[in-house]
Each structure stands twice: as C-alpha cells, then as structure tokens.
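Engineer: would you be able to build a 3D model of this:
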Amino acid sequence: MPEIMVARALLLFTSLLLLAGCAHLSDAAIRENLPGVWHLVQPPLDKGGMKLTFTIAPNGDFKRNILLTSNGIQVGDVIDMAGKFQIQDGYLIQTVAFMTRTNGHPHLPQVSRSKIIHANNHEMVLVPDGMTETDIIRKDTR
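Structural biologist: Below you'll find the predicted structure:
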C-alpha cells in the first residue's frame, strides 16, 4: 500500500514538473509582446561592461545601441545597429542590416539565433547559438 501512494505522489510530481516546463509563451505571444524598449546590462557598467538597449517596432524592426565601459568610463563611441527581429520555432532570430562600427565584420547583413529558454511579458532568457551562458533581456516598463 505505501508503494502505491509513493508511486502516485511521484507521478503527480512528475506531471507538475512537465506542466511547468511546458508553461512558456508561444511564438505568437512572444511576437505580440516584442514591441517596446528592452535592455541588457552585463556586467554592471561601473565594473566595465556593456549596456545594450533595443527599441523594437511592432513589425520586428529594431534599433540597438551598445555602450561599452571600463571602470565606469565610456570606451569609444556608442555603437548603433538596425535590423529585424523574428520569432520562429522558439528562437529569436536577429538580422543586423546596419552597424556604425564593424570591427572587422563588415559583411552585412549578419544573422544570429538565440534559443528562447523563458519568456514572459517583461523578460526573456536566451542562449545564443554556440554558447552555453544565458542572456537576460528585460522590457522597460516606464
């Protein structure tokens, strides 16, 4: 009798984990939530890092600004980019068509893909193809 209760509890727990893992936004819901201003800061700017700000239009067109710092001091000019975001099969696909500074990568357009691990109305957790670390972008709500 105790084995049956343990088996049922294990089945219930496994089912809840499966449901929690499947409870993420669909491609269509992510597309609908994409317009707005998003940002990523890694590591904090006062320690020497970069701040990325994305402004995304309802059609997926974006403008991105990148600010690089070293010990809290801006390094070089802000890098401006423009292109298009698409959401397809659980991936955020970014096509960069314009960049103010190419740093040895003058070939445009550049396409990159990131697997969407988690998405809700104010945050997306992404893993760029070929990487293992996650990027977190947050939507500005001001």
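
Engineer: low-confidence ranges, the protein, go.
Structural biologist: For the chain, the stretches flagged by pLDDT under 70 are 1-24, 41, 43-48, 102-106, 142.

Engineer: what about 90?
Structural biologist: 1-25, 40-52, 65-80, 99-108, 120-121, 133-136, 141-142 (pLDDT under 90).

Engineer: just the strands in it please.
Structural biologist: For the chain, the strands defined by DSSP state E cover 36-42, 50-56, 61-70, 73-74, 79-88, 91-99, 110-119, 123-128, 135-139.

Engineer: need those in a markdown table with mean neighbour count and distance to residue 26, can you?
Structural biologist: Yep, even glycine has a C-beta here, placed from its N, CA and C like the rest. Shown next, in a markdown table, are the strands of the chain (neighbours: other C-beta atoms under 10 Å; distance: least, C-beta to C-beta, whole Å):
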| stretch | mean neighbour count | distance to residue 26 |
| --- | --- | --- |
| strand 36-42 | 16 | 18 |
| strand 50-56 | 17 | 18 |
| strand 61-70 | 17 | 21 |
| strand 73-74 | 10 | 39 |
| strand 79-88 | 17 | 9 |
| strand 91-99 | 17 | 13 |
| strand 110-119 | 16 | 9 |
| strand 123-128 | 17 | 14 |
| strand 135-139 | 16 | 17 |
